[in-house]
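Participant: Pasted the sequence and its predicted model underneath.
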Amino acid sequence: MPSTSTKKMKRFTDIIQYKKFFEGLIQKERKAEMEFHLNEIMLLSGRQREAKGRAILTLSGKDAGTGIGGVYLVKLGRGSGLPDNEISNGDVVIVSKEKPTGKEEQATVVSKTKRSITLAYNKIPPYLVFGRNLRLDLYSNDITFQRMQDALASLEKLPILQEYIKSNIDLFLDSEKSSLPTSKNNFLNAKQNQVIKNALASNDIFLIHGPPGTGKTTTLAHLIKSYFEEGKKVLVTAPSNTAVDNILEKLQSLEIPSTRIGNPIRMDENLLNLSLDVQLQDHPDYQQANGIWNKIQVLKKEQEDYAPASGQNRRGLSDSKIIQLASSKKPYRGIQSAKLRKMAKWIKLQQTINKNFEEAQMLQASAIESILEKSAVICTTNSSAGSDLLKDIIFDVVCIDEATQSTEPEALIPLVKGRKWVLAGDHKQLPPTVKAKDAGDLSISLFERFQDELPENRINILTIQYRMHQEIMRFSNENFYDNQLKAHPTVANHSLKDLPGFEPFPYINPAIEKVLQTSKPVTFIACEEGTEAQLADSHSWFNLEEIALTKEITDALLSSRLFPEDIGIISPYDQQVSRLKAALKDYHVEIKSIDGFQGREKEVIIISLVRSNTEGNIGFLRDYRRLNVALTRAKRKLIIIGNPSTLRSNPIYKSLIENILNQ
């Protein structure tokens with residue numbers, strides 16, 4: 001079996017050592033994240049950064065009203081249209097007049113068109129964004145790193161969790177209940193039901209190991225339903241908004257009342273009715289608060305007619321003194337009486353504004369507290385679990401889905417809010433993303449560390465997979481899962497011929513004909529004439545010959561009456577992905593990096609491996625977890641394109657190619 005981790009598991013003698021170790025790693029990663037964008041901003045001109053797709057220049061801004069949750073919207077546009085860029089909905093950005101400093105007010109991208117991009121600000125936007133010749137830069141924020149530090153500090157209040165994370169597993173307690181809780185669901189298989197039963201019986205930490213297609217998130221959702229039926233309050237988190245929405249969708253289908261915390265802009269629009277922001281709109285306290293906010297805006301507008309009692313205008317006078325002098329109708333220290341009266345009026349309006357502001361905040365806080373108190377299940381990202389909204393809530397159970405994609409300090413953000421913990425993931429798939437070269441220990445998730453330390457009764461693996469034909473599953477099953485996986489009868493032999501309307505299009509090219517054979521679920525297409533290349537300022541690779549072959553294969557599949565939504569194209573290299581998107585821009589098929597396709601599936605997956613050289617250098621294709629993800633996305637047909645001469649230099653890829661050719 002290929003090794004999926006070269007790091008040794010870290011053990012700690014006490015919590016002080018643990019905190020010091022991870023505080024150092026957090027700072028390294030924080031520095032790497034911030035410096036990446038700041039350094040690029042400082043080193044490159046605006047035009048150069050725009051060419052990389054991480055900035056947009058010569059924009060004009062205008063007010064676009066307010067959005068869900070009362071955010072302030074600003075629309076930035078350019079008459080000639082926006083250039084190609086990698087700025088997406090939900091990204092954090094900054095707007096500046098010239099070269100940014102990094103201290104600008106951060107905003108979130110709400111929507112994009114060919115000519116404009118709309119941003120959301122949580123507070124009144126800086127005045128400059130309504131001007132001309134603006135620059136928009138992709139950025140990052142510091143909130144998650146601060147919440148990691150706060151979570152580490154909170155460990156002092158949780159002695160039991162301290163012992164767990166030190167990997168001192170002798171303190172784990174078996175259930176002392178005379179009769180174990182049971183959970184039987186006819187929609188789940190026997191293994192899934194057993195996992196739920198074991199998790200319910202656990203008093204502390206439980207791991208659900210879910211290989212591809214085994215229904216990990218579905219099993220976790222049914223476990224949460226059992227907790228809900230027991231009257232438990234549950235916090236459900238995941239590292240990304242997409243992963244949170246995936247489990248929230250399943251909770252909704254099980255009719256479990258849930259509240260989603262987070263920016264509505266980053267949520268699945270079909271789940272917006274479950275968001276805290278949308279639920280607030282119907283709460284009487286929040287509606288009353290909104291009325292007061294509107295009143296405050298009117299008062300502020302009225303204030304503009306009077307002299308502000310600030311700076312030089314005051315000349316050291318207190319509010320009460322200004323009001324007293326205004327009533328005397330006499331000048332004071334060179335300040336005309338008319339100006340004193342205007343300042344006094346401004347102060348009285350400000351006092352009214354302040355009073356209304358406090359009342360609106362209290363009503364808003366009351367509405368939020370009311371909704372969260374009544375919510376049995378709260379869903380959010382790992383980072384947002386550290387927001388002020390949840391600071392006073394302790395949960396009976398904390399469940400983290402896709403826990404193997406979270407760094408250990410990130411996982412602690414939700415974990416410190418619970419009394420019992422369930423982590424679901426697959427450490428044989430992609431690890432957490434770490435940017436800092438000297439913070440590699442962060443790539444070992446807490447799930448993976450626990451998986452190596454805990455007794456067997458604390459870890460249950462799901463073994464029935466419902467996605468792949470058994471031949472598509474075979475290589476990963478043998479090399480990553482010790483042959484523990486079994487394909488469910490409903491998918492074990494399914495193929496393209498079972499799809500309505502599929503009819504292989506007659507192709508003269510024998511390689512393409514092989515792609516359309518329904519009797520061969522896995523196909524390797526050799527592209528030996530392809531040449532790998534990279535741009536001078538890039539570490540990524542592309543292969544134009546493989547792009548042309550991918551396009552030809554996609555044509556054949558579409559000509560055989562497959563729908564575009566049935567096809568996914570993936571590659572380990574971003575440069576290849578961007579060029580594939582350009583070459584197939586009118587095909588409406590989904591094209592992503594392997595990392596971007598984790599957790600996804602399609603009827604047909606085409607993998608372009610890119611690397612093609614005489615030295616046998618396959619670069620980061622050696623990360624076998626990435627290979628495992630790539631091989632397990634397809635349901636009925638897996639097509640792999642690569643140079644066999646280059647790939648065979650690696651024993652795993654050599655085994656993969658021979659495995660396919662011998663089918």
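Facilitator: Nice, thanks for sending it over.

Participant: so where's the chain uncertain?
Facilitator: For the chain, applying pLDDT under 70 flags the ranges 1-10, 141, 166-186, 311-312.

Participant: counting contacts, what elements does the strand ranked longest in it pack onto?
Facilitator: In the chain, with assignment by DSSP state E, the single longest strand is strand 55-66. Here strand 55-66 touches helix 46-51, strand 72-77, strand 116-121, strand 134-138, going by 3 or more Cβ pairs under 8 Å, 6 or more residues apart in numbering; DSSP states H and E. Placement of C-beta: from N, CA and C, glycine included.

Participant: Dump these to TSV, plus distance to residue 499 and mean neighbour count.
Facilitator: Converted to TSV, the helices and strands packed on strand 55-66 look like this (distance: least, Cβ to Cβ, whole Å; neighbours: other Cβ atoms under 10 Å):
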stretch	distance to residue 499	mean neighbour count
helix 46-51	42	16
strand 72-77	43	20
strand 116-121	38	21
strand 134-138	39	24
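
Participant: Switch these over to TSV; also include distance to residue 100.
Facilitator: Shown next, in TSV, are the helices and strands packed on strand 55-66 (distance: least, Cβ to Cβ, whole Å):
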stretch	distance to residue 100
helix 46-51	9
strand 72-77	14
strand 116-121	14
strand 134-138	5
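
Participant: Quick one: closest of those to residue 295.
Facilitator: With Cβ to Cβ as the criterion, residue 295 lies closest to strand 72-77 of the helices and strands packed on strand 55-66, at 17.7 Å.

Participant: quick one: that closest one to strand 55-66, angle?
Facilitator: Going by axes from the mean of the first three to the mean of the last three Cα atoms, to 10 degrees, strand 72-77 is angled at 140 degrees with respect to strand 55-66.

Participant: Can you give me the buried ones in stretch 503-510?
Facilitator: Residues 504, 507 are the ones in stretch 503-510 that count as buried (16 or more other Cβ atoms under 10 Å).

Participant: In CSV, could you pull the C-alpha coordinates for it?
Facilitator: Taking C-alpha atoms only, stretch 503-510 is exported to CSV below (Å, rounded to 0.1, in the frame of the first residue of the first chain):
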residue,chain,number,x,y,z
GLU,A,503,-25.5,5.3,-28.0
PRO,A,504,-21.8,5.0,-28.8
PHE,A,505,-21.0,7.3,-31.7
PRO,A,506,-19.0,5.5,-34.4
TYR,A,507,-15.4,6.8,-34.4
ILE,A,508,-12.5,5.7,-36.6
ASN,A,509,-9.9,6.6,-34.0
PRO,A,510,-9.4,3.3,-32.1
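
Participant: Could you check how far that stretch is from the centre of its chain?
Facilitator: A distance of 40 Å separates the centroid of the chain from that of stretch 503-510, by Cα atoms, centre = their mean, to the nearest Å.

Participant: for stretch 202-212, same thing?
Facilitator: 21 Å.

Participant: And the strands in the stretch 301-450 of the chain?
Facilitator: Per DSSP state E, counting those that start in this stretch, the stretch 301-450 of the chain carries strands over the ranges 377-381, 397-400, 421-425.

Participant: partners of the first one, with directions?
Facilitator: The one in question is strand 377-381. strand 234-238 (parallel), strand 258-260 (parallel) (DSSP bridges).

Participant: In that strand, which residues are buried?
Facilitator: Those buried within strand 377-381 under the rule 16+ other Cβ under 10 Å are 377-381.

Participant: Also the last one?
Facilitator: Judged by neighbour count using 16+ other Cβ under 10 Å, the buried positions of strand 421-425 are 421-425.

Participant: Can you list the helices and strands that the longest helix out of those in the chain packs against?
Facilitator: In the chain, with assignment by DSSP state H, the single longest helix is helix 337-374. If you count contacts as 3+ Cβ pairs under 8 Å, 6+ apart, helix 337-374 packs onto helix 276-281, helix 284-303, helix 319-328.

Participant: how far is stretch 524-544 from where the chain is centred?
Facilitator: Computed by Cα atoms, centre = their mean, the chain-centroid distance of stretch 524-544 equals 29 Å.

Participant: Could you export it as PDB, CA atoms only?
Facilitator: Extracted C-alpha coordinates of stretch 524-544, given in PDB (Å, rounded to 0.1, in the frame of the first residue of the first chain):
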ATOM      1  CA  PHE A 524      -6.100   4.500 -20.100                       C
ATOM      2  CA  ILE A 525      -5.300   6.700 -23.200                       C
ATOM      3  CA  ALA A 526      -1.700   7.100 -24.000                       C
ATOM      4  CA  CYS A 527      -0.500  10.500 -25.000                       C
ATOM      5  CA  GLU A 528       3.200   9.900 -25.700                       C
ATOM      6  CA  GLU A 529       3.600  12.800 -28.200                       C
ATOM      7  CA  GLY A 530       2.500  15.300 -25.600                       C
ATOM      8  CA  THR A 531       5.000  17.800 -24.200                       C
ATOM      9  CA  GLU A 532       4.700  19.300 -20.700                       C
ATOM     10  CA  ALA A 533       5.400  23.100 -20.400                       C
ATOM     11  CA  GLN A 534       5.200  25.800 -17.800                       C
ATOM     12  CA  LEU A 535       5.200  29.600 -17.800                       C
ATOM     13  CA  ALA A 536       8.300  31.400 -16.700                       C
ATOM     14  CA  ASP A 537       6.700  32.700 -13.500                       C
ATOM     15  CA  SER A 538       4.700  29.600 -12.700                       C
ATOM     16  CA  HIS A 539       5.300  26.300 -10.900                       C
ATOM     17  CA  SER A 540       2.300  24.800 -12.600                       C
ATOM     18  CA  TRP A 541       2.400  22.700 -15.700                       C
ATOM     19  CA  PHE A 542       0.200  22.200 -18.900                       C
ATOM     20  CA  ASN A 543       0.200  19.900 -21.900                       C
ATOM     21  CA  LEU A 544      -1.400  21.100 -25.100                       C
END
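
Participant: what's in contact with that stretch?
Facilitator: Under the contact criterion Cβ atoms under 8 Å, 6 or more residues apart in numbering, stretch 524-544 has outside partners 511, 514-515, 545-546, 549, 553, 573-576, 579, 608, 610-613, 619, 639-645, 657, 660-661.
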